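Enquirer: sequence plus predicted model, see below.
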Amino acid sequence: MDKKVYLRHFQSFYDTYLDILTEYRDKNGYFLNKKESQLHTVPFILTTASALECTLNDHIIEFYYKNYNEENAKLLTKGLLSMSLRGKLENIISILTFNKYIINTNHKVYQILIELIKTRNNLVHNKSDFEIYEAYIKEDNENNISIDIDENFSDKIDNKLNSKIDYSLGIKRDIGEYHDALEKLFELFFNIYEDENFLGNKLVLQLKLKNNITFNVIN
């Protein structure tokens, strides 16, 4: 009699995100022109941030299910996956190296990825705001009240409505640097940290333990 079994394979969707980003830049010019790529600014940033988060999530899941039994892995990953994206980035190196190494927060790669996270958060939680224009409340000799509006007010509104839309939502930086930083994170950590001769680098620093202190207890 045949016996049914289940084979489990981890999908690692972060590879798909990385492929999307590479293909995107190949088709639109690897060094995205700030002026010509304005329309692509928001989608590219959101995709890069998704690639970063999926990368961190997948490595956390794979690490715990590889090194611990399923019950413990399920419990431990549940808490870690609920952390903020910044928290995952700041802890991923120490997690995967059993607390032997830590990320260097002064390194350019870390700082650009933190900027990516902040920019992504601003985009997905964006809120419109009011613009302020001057007006004056006037009262005549007969106590009639009127509002004196700047004569250019209507023109300002019309110009605003008819002006060219800023599809970059004010983001002027080179968005390709976000993807470059993500690739550098793989180059300096994910692709090499399991090598036998890995000793860290400028991004991945050895985690220093506190000096052992002996206390003499006086009865």
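Expert: Yep, it's here. All of these numbers come straight from a predicted model, not from anything done at the bench.
Enquirer: please save the CA atoms from stretch 94-114 in CSV.
Expert: The C-alpha coordinates for stretch 94-114 follow below in CSV (Å, rounded to 0.1, in the frame of the first residue of the first chain):
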residue,chain,number,x,y,z
SER,A,94,23.9,38.8,15.1
ILE,A,95,21.0,36.3,14.7
LEU,A,96,22.6,34.4,11.7
THR,A,97,26.1,34.3,13.3
PHE,A,98,24.9,33.2,16.8
ASN,A,99,25.9,36.6,18.2
LYS,A,100,29.5,36.5,16.9
TYR,A,101,29.1,39.6,14.7
ILE,A,102,27.0,42.8,14.5
ILE,A,103,26.2,45.3,11.8
ASN,A,104,28.2,48.5,11.7
THR,A,105,25.8,51.3,12.0
ASN,A,106,28.4,53.8,10.7
HIS,A,107,28.8,52.0,7.4
LYS,A,108,27.4,53.6,4.3
VAL,A,109,25.4,50.5,3.3
TYR,A,110,23.6,50.4,6.7
GLN,A,111,22.9,54.2,6.5
ILE,A,112,21.5,54.0,3.0
LEU,A,113,19.3,51.1,3.9
ILE,A,114,17.9,52.9,6.9
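Enquirer: for that stretch, list every residue counted as buried.
Expert: For stretch 94-114, the neighbour count (16 or more other Cβ atoms under 10 Å) marks 95-97, 101-104, 107, 109-110, 112-114 as buried. Just so you know, the C-beta spots here come from the backbone N, C-alpha and C atoms, and that holds for glycine as well.
Enquirer: closest to E187 out of those?
Expert: Nearest to E187 among the buried residues of stretch 94-114 is V109, at 9.2 Å by Cβ to Cβ.
Enquirer: please state the backbone phi and psi of the closest one?
Expert: In terms of degrees, to the nearest 10, the main-chain angles of V109 are phi -60, psi -50.
Enquirer: report the central residue of the chain.
Expert: Among the residues of the chain, the one closest to the centroid is I117, at 2.8 Å (Cα atoms, centre = their mean).
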